[in-house]
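Enquirer: model the following, please.
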Amino acid sequence: MNAAKTREALGKIAEMFPDAHCELNHSNPFELTIAVLLSAQCTDETVNKVTATLFQKYRKPEDYISVPIEELEQDIRRIGLFRSKAKHIQQLCRILLERYDGEVPREHEKLVELPGVGRKTANVVVSNAFGVPAIAVDTHVERVAKRLGFAAWNDSVLEVEKKLMRKVPKEEWTLTHHRLIFFGRYHCKAQNPQCEVCPLLDDCREGKKRMKSSPVWKDKGEKN
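Expert: Now for the predicted structure:
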């Protein structure tokens, strides 16, 4: 998709989700880091249910390492991969205390060195906690980018991120990231995308393919 078409498509998504935002509940960079770490292969809704009590019990890095790992595992057991995530959380908290006086670093290169923190998590933290423009590519962003042709089907997550960064003005990276997530989460879903009412159908290769094979769409076409 060329620059003009990309701009048009992103404009339509912006009209659909003008108030898109980070849906992980948090009150500071540390809580956001923990929440994003927990969100891997898990819905934001489930994470928010867990952190509602978790963040009352654990307010700073010292709190997480003051309990046995088994206790922390039980506190987050509703989260997928809870054992490995509990281990990462305690390791992360120790590093924050040892290297950064208990504070989450602002630098992307330091964040990705923390246990359980990959490039996507680091991008979410720097953009939402510290106001640094970034595009975090999660499953929703990747799916939408490839369906709409912002990126190629065989592009890696990093390649998708780089292509979006080239197509979108830097000052719009963070907001575009949120809007693409909302579009993918609530409209262009993995299993049941709302192609029949999508304003981007004409530009969506996946949508066109789905609609051609849809019995309902074929009936409409025959009647027309």
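
Enquirer: what's the burial count for the nearest residue to residue 119 once chain neighbours are set aside?
Expert: For residue 119, ignoring the flanking residues on the chain, the nearest one in space by CB to CB, 6 or more residues apart in numbering is residue 112 at 6.0 Å. Quick note: C-beta positions are derived from backbone N, CA and C, even for glycine. Using other CB atoms under 10 Å, residue 112 has 14 other residues around it.

Enquirer: and residue 112, what does it touch?
Expert: Residue 112 makes contacts with 118-119, 122, as judged by CB atoms under 8 Å, 6 or more residues apart in numbering.

Enquirer: is it true that residue 80 touches residue 41?
Expert: Yes - contact criterion CB atoms under 8 Å: residue 80 and residue 41 qualify, at 4.9 Å.

Enquirer: with neighbour numbers in mind, choose between these two.
Expert: Comparing residue 80 with residue 41 by other CB under 10 Å, the one with more neighbours is residue 80, at 14 against 10.

Enquirer: and the residue lying closest to residue 12 once chain neighbours are set aside, what pLDDT?
Expert: What sits nearest to residue 12 in space, not counting adjacent residues and going by CB to CB, 6+ apart, is residue 199, at 4.9 Å. pLDDT, the model's per-residue confidence, is 93 for residue 199.

Enquirer: kindly report the same for residue 158.
Expert: 95.

Enquirer: what about it, distance to residue 164?
Expert: From residue 158 over to residue 164 the distance is 11 Å, taken as CB to CB, to the nearest Å.

Enquirer: please say which of these two ends up with more neighbours.
Expert: Comparing residue 158 with residue 164 by neighbour count (other CB under 10 Å), the higher total belongs to residue 164, at 22 against 10.

Enquirer: mind checking how far residue 102 is from residue 176?
Expert: For residue 102, the distance to residue 176 equals 32 Å [CB to CB].

Enquirer: now do the contacts for the residue nearest the centre of the chain.
Expert: Relative to the mean C-alpha position of the chain, the nearest C-alpha, by CA atoms, centre = their mean, is the one of residue 138, at 4.3 Å. Neighbouring residues of residue 138 by CB under 8 Å, 6+ apart: 120, 181.
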